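**Q** starting from these lines, generate the structure:
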Amino acid sequence: MERCFGSNSKIYSDYHDFEWGVPLHDDRDLFELLILEGAHAGLSWEIILNKRENYRKAFHNFDINLVANMTDNQLDELLLDKGIVRNRLKVYSARKNAKIFIEIQKEFGSFDKYIWKFFNFKTIKNAWKDFENVPVSNEESDKISKDLKKRGMSFVGSKIIYAYMQSAGMVNDHVIGCPQWKKIDQKIS
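**A** Numbers count the residues shown, from 1 in each chain. Below is the predicted model:
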């Protein structure tokens, strides 16, 4: 199979084949991905995938309420955990972002409704021939980033949000020669 990206790593190729670009609508999954994409800033996605189970353990399986109520002591303990990215700003942003995520849920009924409204509740269909042509941001990622920053979230720059959009299936950026492009296109049509 010809993937649009990946490596010889099973975890990375499985991610490409079964997760990347599949539309997400569960708030817990959307929260997990938001935290992981923030942790990904400046690092390879494969590093984060290899640490994902450790993140789930460290952040209470991404239970939004539990993360929002983590204490400074709990977060400081995570800075000693070699199983996650031990960046103080990234670790502490998980709690801050969880609190804002909950505020968004209260305002819109769910984070899913909030985030998907930027796309009129439909995945953006792209048809890239080469992965090198796929952008790192767009108008939607700029708008979402601006809104989330205004609400007080961290690690939600336009490039991070575009990667989030790709991962969460808000945009189908598989190249047209990749078998996943057709699978995703059939799901969203």
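
**Q** just say helix, strand or coil for the residue located most distally from the centre of the chain.
**A** The centre of the chain is farthest from one residue, residue 73, which by C-alpha atoms, centre = their mean lies 26.1 Å away. Under DSSP: H, G, I helix; E, B strand; the rest coil, residue 73 falls in the helix class.

**Q** contacts only, for residue 63.
**A** residue 28 (C-beta atoms under 8 Å, 6 or more residues apart in numbering). In short, each C-beta sits where N, CA and C put it, glycine included.

**Q** if you set the cut-off to 7 Å instead, what comes out?
**A** Taking C-beta atoms under 7 Å, 6 or more residues apart in numbering, we find residue 63 in contact with no residue.

**Q** also residue 143?
**A** Listed by C-beta under 7 Å, 6+ apart, the contact partners of residue 143 are residue 118.

**Q** I'd guess it is in a helix, am I close?
**A** Yes. Counting by three-state DSSP, one finds residue 143 located in a helix.

**Q** any weak-confidence spans in this protein?
**A** Counting by pLDDT under 70, the chain has low-confidence residues at 1, 6-7.

**Q** can you map out the helices along it?
**A** Shown for the chain, the helices assigned by DSSP state H span residues 10-18, 27-40, 45-58, 64-68, 72-78, 88-108, 111-116, 139-151, 158-167, 179-188.

**Q** quick revisit: state the distance from the residue farthest from the centre of the chain to residue 179.
**A** To residue 179, residue 73 is 47 Å away according to C-beta to C-beta, to the nearest Å.

**Q** can you check residue 42 too?
**A** From residue 42 over to residue 179 (counting by C-beta to C-beta), the distance is 31 Å.
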